[in-house]
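Participant: no sequence for this one, just the structure:
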């Protein structure tokens, strides 16, 4: 089992920045690819970003490319999502996910956090 706890969400004005963190526990963190997903009210959950076990490969969704970056610190068992130039449409619950893989999966994650709310205001 892997437990994931997100933090760092909140209310921010459009154009502002937030950094989400996801702390993992329960297994060897470096064995897991990590991803961020989000779900806005009335919409399906969508992929945001993913990172491989070492941090050497990342994939970013087109909708946030150039504004969001994903990184990880295996010594701290933590993955981050840096969100800059936030837009109203970025408002959603953001979820951290983990799966045992050497690749950078865009779906089929096994473990999920509870989510953290990000609200972007005008």
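Facilitator: Received the coordinates, thanks. Since the structure is predicted, the reported quantities are computational estimates derived from the model, not experimental observations.

Participant: OK, contacts around the spatially most central residue of the chain?
Facilitator: Most central in the chain under C-alpha atoms, centre = their mean is residue 36, positioned 2.6 Å from the mean C-alpha point. Contacts for residue 36 (C-beta atoms under 8 Å, 6 or more residues apart in numbering) come out as 20, 22, 48, 49, 50, 70, 79, 81, 94, 95, 96, 97. Using the backbone N, CA and C atoms, a C-beta is placed for each residue, glycine as well.

Participant: So which of these are in strands?
Facilitator: Within these, residues falling in strands by DSSP state E are 20, 22, 48, 49, 50, 70, 79, 81, 94, 95, 96, 97.

Participant: Same list, those, but as CSV with distance to residue 2 and neighbour count please.
Facilitator: Listed next are the ones in strands among the contacts of residue 36 as CSV, based on distance: C-beta to C-beta, whole Å; neighbours: other C-beta atoms under 10 Å:
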residue, distance to residue 2, neighbour count
20, 17, 24
22, 11, 25
48, 19, 23
49, 18, 26
50, 15, 26
70, 17, 22
79, 12, 30
81, 18, 28
94, 18, 23
95, 14, 22
96, 10, 28
97, 10, 25
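
Participant: where along the chain do the strands fall?
Facilitator: Counting by DSSP E, one finds strands in the chain at the ranges 3-7, 10-13, 18-25, 32-39, 46-51, 58-60, 68-73, 78-83, 92-100, 111-112, 116-121.

Participant: Brilliant, that's me finished.
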